[in-house]
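Asks: sequence unknown, structure follows:
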């Protein structure tokens, strides 16, 4: 049974359309190692509760590989958001059939709109000088 104490608070806010890197703990022959898996989040299911999952898809050569991760899994050591994309759908299952340019996502800025400082505006004003015309 899942308890509130087992829920993860250290994971970043991920959304459908984000490119993320999931670091998963894997046990092999008595040793434990961390394996990264980087790909596009094509679906989030079951809200934020105990049964929440997200699906990550990546292309390996010409073959698409998808993994479904439980959100609160103890095998996930960390999640990094690499890129954010502007999307208009909750589930991106259409990406499975899309190839090339059609499969690209419009990228969002991770920093958001950074307002220009006064120093940058002054430099821009200095460089915008009118051209001298010859009049004979």
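Replies: Nice, thanks for sending it over. Quantities reported herein were computed from a predicted structural model and do not represent experimental measurements. Residues are numbered from 1 along each chain as shown.

Asks: can we go C-alpha only for contacts and neighbour counts from here?
Replies: Fine.

Asks: and the longest strand that the chain contains, what other elements does it pack with?
Replies: Among the segments of the chain that qualify as a strand by DSSP state E, the longest is strand 31-45. Under the contact criterion of 3 or more Cα pairs under 8 Å, 6 or more residues apart in numbering; DSSP states H and E, the helices and strands touching strand 31-45 comprise strand 19-28, strand 53-60.

Asks: burial count for the spatially closest residue to residue 21 that is not a sequence neighbour?
Replies: By the measure of Cα to Cα, 6 or more residues apart in numbering, the closest residue to residue 21 outside its immediate chain neighbours is residue 38, 4.1 Å from it. Burial of residue 38 is recorded as 18 neighbouring residues (other Cα atoms under 10 Å).

Asks: show me the contacts for residue 38.
Replies: Taking Cα atoms under 8 Å, 6 or more residues apart in numbering as the definition of contact, the neighbours of residue 38 are 19-22, 56, 58.

Asks: neighbour-wise, which of the residues you listed leads?
Replies: The most neighbours, when these are compared by other Cα under 10 Å, belong to residue 56, which has 24 neighbours.

Asks: what segments of this structure are strands?
Replies: Counting by DSSP E, the chain forms strands over residues 19-28, 31-45, 53-60, 63-70, 76-86, 106-108, given from the N-terminal end onward.
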